[in-house]
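[1] with the input below, show me the fold.
(one chain, ligands or ions: 2)
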Amino acid sequence: MSGIRLYNTRTRQVEALVPITPGNLRMYVCGPTVYDRAHLGNARPVVVFDTLFRLLRHLHGAAHVTYVRNFTDVDDKINAKAAETGRPIREITDETIGWYHADMDALGALRPTHEPRATEFIGAMIAMIGTLIEGGHAYEAEGHVLFDVRSYPGYGQLSGRSVDDMIAGARVEVAPYKRDPMDFVLWKPSEADLPGWDSPWGRGRPGWHIECSAMAHELLGDSFDIHGGGIDLQFPHHENEVAQSCCAHPQGGFARIWMHNEMLLVDGRKMSKSLGNFFTVRDLLDQGVPGEVIRMVFLSTHYGKPMDWTRAKAQEAEAVLRRWRGLVAGIEPAPSPAPAVLDALCDDLNTAGALAALHRLATEGDVAGLLASARLMGLLEPAMGAWAEAPQVPAEVAALIERLIAARAEARRQRDFARADALRDAFAAAGVTVTDGPEGARWEATPTFDPSRLEGLG
Ligand SMILES: Nc1ncnc2c1ncn2[C@@H]1O[C@H](COP(=O)(O)OP(=O)(O)OP(=O)(O)O)[C@@H](O)[C@H]1O
Ligand SMILES: [Zn+2]
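    Residues are numbered from 1 along each chain as shown. Ligands and ions are numbered 1, 2, ... in the order given. Next up, the predicted model:
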């Protein structure tokens, strides 16, 4: 086997992944800012880097791979949400992290080795900013600390632009306290009503970029193997991370390989909160699209290509997964994944090629190989298959269930609890779960579905 090759945004070529420290592969991926449900675009890097994480664990052993994905839990968008809702920040961030875990678990994403919260690493950020000031790479002005981009000759290398081009092309915030318009904030003052920590520069809070540099350094060291995130973060976020980390720890190289996933688009534009053209992962799950289907749709396009979400893609993925789940029922997985699947994944994470290889295994009847290989990609896991076992409900039975749910609601309104309870018991006997929610009751047929138990109730 040839080992993993990955496209490195920094060098603009495909390179072999050779661990910096044998037996200790390290990956950092920028995680979410936690103030709202993740939209489907936010899930793309999760699935992409989870698939890479699984491949690395397979090749190097689970104990030899460290994957860090942070939570940005100090940010002006979070402050705005707290001001708007009157809720405590910690309550908002805790709730959002809970949602994030539930939604990404549903996509079959493994939890990273470490999920640091930025607020737990403020000390490391302050120390790093201090080092940058001492080294002549940052300066204090009007309670702010700014990074001096002209002090780092490598600035712009990751995104392939010169500082002067960036100034011309980017919307940079001009502020009187900046020496250069490209200089960016490491630390900013906090008014009394905003979260703040004591620092040598007064009570304040960190800028977004220093959060990732400090957490990556604390958990992974001066140099590590892979840094990932969406291509929308390449500039300025990742360019700034490189500048901060390489200037504070010049003995290290920070990230060796930079990997960027392309965007999930809606009508040709990036799905994003600011454009308002988004739907959440939870929306799809609530509509009955299984997490495994969402994962398969992502895997069917190479991470380096833009893609969109369509109903047709979801239906196609669902049909394939249903067929494969039928084929592997009761089968033990082969001891190892098929070489063709591994080769495709090692080739710059060619997930579309790997899925094509899965199709060939299915056609050739190698179901044990299909199962082992699919599981390497986070598909056909037993825990994710409940949806595929759910029986198909004929339209007239579905209509009967809807009528009975309405009848139960009516019985409750009439305080006819005997009738309401009889209907509840009948649903249970028929293997239909009914969940009451804010938008009314939702129902689902379970594997023990037996519509005959509903006869004579309507
Ligand atoms: N449309 C998209 N397609 C793919 N990845 C995306 C998309 N939008 C955001 N991401 C990625 O999601 C991850 C989490 O980002 P974050 O929580 O900062 O959201 P965001 O970029 O602020 O989203 P938005 O732009 O909608 O506000 C990042 O790696 C980012 O690159
Ligand atoms: Zn980051």
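[2] CA only for contacts and neighbour counts going forward, please
    Fine.
[3] now residue 352: closest residue in space that isn't a chain neighbour?
    Spatial nearest neighbour of residue 352, chain neighbours left out: residue 300 (4.6 Å); criterion: CA to CA, 6 or more residues apart in numbering.
[4] roughly how far does the closest residue to ligand 2 within the stretch 351-458 of the chain sit from residue 373?
    At 24.4 Å from ligand 2, residue 351 is the closest residue in the stretch 351-458 of the chain, using CA to the ion. As for residue 351, its distance to residue 373 is 12 Å (criterion: CA to CA, to the nearest Å).
[5] cool, residue 364 as well?
    Distance from residue 364 to residue 373, by CA to CA: 14 Å.
[6] next one: phi and psi at the closest residue to ligand 1 within the stretch 51-200 of the chain?
    Here the stretch 51-200 of the chain gets closest to ligand 1 at one residue, residue 72, 8.0 Å apart by CA to the nearest ligand atom. When read as degrees, to the nearest 10, the backbone of residue 72 gives phi -80, psi 100.
[7] next up, the contacts around it.
    31, 32, 33, 34, 117, 118, 119, 208, 211 (CA atoms under 8 Å, 6 or more residues apart in numbering).
[8] these two touch, right, the second one and residue 75?
    No: with contacts counted by CA atoms under 8 Å, residue 32 stays clear of residue 75, the gap being 10.9 Å.
[9] higher neighbour count, the two?
    Counted by other CA atoms under 10 Å, residue 32 and residue 75 do not tie: residue 32 has more neighbours, with 20 against 17.
[10] so the closest residue to ligand 1 within the stretch 251-400 of the chain, which state does it fall into?
    Nearest residue of the stretch 251-400 of the chain to ligand 1, counting by CA to the nearest ligand atom: residue 272, 3.0 Å away. Classification of residue 272 by DSSP: H, G, I helix; E, B strand; the rest coil places it in coil.
[11] what's near enough to touch it?
    Per CA under 8 Å, 6+ apart, neighbours of residue 272: 39, 41, 278.
[12] excluding chain neighbours, what is closest to residue 162?
    Residue 162 sits nearest to residue 156 (CA to CA, 6+ apart), 5.5 Å away.
[13] what strand or helix carries the one you found?
    Assigned by DSSP states H and E, residue 156 belongs to neither a helix nor a strand.
[14] that one against residue 239, yeah?
    Yes: counting by CA under 8 Å, residue 156 touches residue 239, with 6.5 Å between them.
[15] ranking the contacts of residue 272 by neighbours, who comes first?
    So for the contacts of residue 272 (other CA under 10 Å), the most neighbours sit at residue 41, 25 neighbours.
[16] and that residue, how far from residue 277?
    Residue 41 is 10 Å from residue 277, by CA to CA.
[17] burial count for the closest residue to residue 267 other than its chain neighbours?
    Excluding the flanking residues, the one nearest residue 267 by CA to CA, 6+ apart is residue 308, at 8.0 Å. Neighbourhood size, residue 308 [other CA under 10 Å]: 18.
[18] residue contacts, the residue lying closest to residue 220 once chain neighbours are set aside?
    Spatial nearest neighbour of residue 220, excluding adjacent residues (CA to CA, 6+ apart): residue 26 at 6.5 Å. Residue 26 is in contact with 65, 66, 67, 220, 224, 225, 226, counting by CA under 8 Å, 6+ apart.
[19] now residue 142
    residue 177.
[20] do the one 3 residues further on as well
    With CA under 8 Å, 6+ apart as the criterion, the residues that contact residue 145 are 129, 138, 139, 185, 186, 187, 188, 201.
[21] tell me how far the host helix or strand of the third one is from the chain's mean position?
    Same thing as residue 139. Residue 139 belongs to strand 138-141 when assigned by DSSP H and E. In this view, strand 138-141 has its centroid 34 Å away from the chain centroid, taken as CA atoms, centre = their mean, to the nearest Å.
[22] elements contacting it?
    On a contact count with 3 or more CA pairs under 8 Å, 6 or more residues apart in numbering; DSSP states H and E, strand 138-141 meets helix 122-134, strand 144-147.
[23] go through the longest one and flag the buried ones.
    Applying a neighbour-count criterion of 16 or more other CA atoms under 10 Å, one finds 122, 124, 125, 126, 128, 129, 130, 131, 132, 133 buried in helix 122-134.
[24] Serialize those to JSON lines and add fields for pLDDT and distance to residue 395.
    Formatted as JSON lines, the buried residues of helix 122-134 follow (pLDDT from 0 to 100; distance: CA to CA, whole Å):
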{"residue": "122", "pLDDT": "98", "distance to residue 395": "57"}
{"residue": "124", "pLDDT": "98", "distance to residue 395": "60"}
{"residue": "125", "pLDDT": "98", "distance to residue 395": "59"}
{"residue": "126", "pLDDT": "98", "distance to residue 395": "62"}
{"residue": "128", "pLDDT": "98", "distance to residue 395": "63"}
{"residue": "129", "pLDDT": "98", "distance to residue 395": "64"}
{"residue": "130", "pLDDT": "98", "distance to residue 395": "67"}
{"residue": "131", "pLDDT": "98", "distance to residue 395": "68"}
{"residue": "132", "pLDDT": "98", "distance to residue 395": "67"}
{"residue": "133", "pLDDT": "98", "distance to residue 395": "69"}
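[25] which two in these are spaced the farthest apart?
    122 and 133 (16.6 Å; CA to CA).
[26] thinking again about what came up before, the more surrounded of residue 364 and residue 373?
    The neighbour count for residue 364 versus residue 373, taken as other CA under 10 Å, is higher for residue 373 (28 against 10).
[27] what's the weakest-modelled helix or strand in the protein?
    Using mean pLDDT, DSSP states H and E, helix 163-169 stands out as the lowest-scoring helix or strand of the chain, at a mean of 77.
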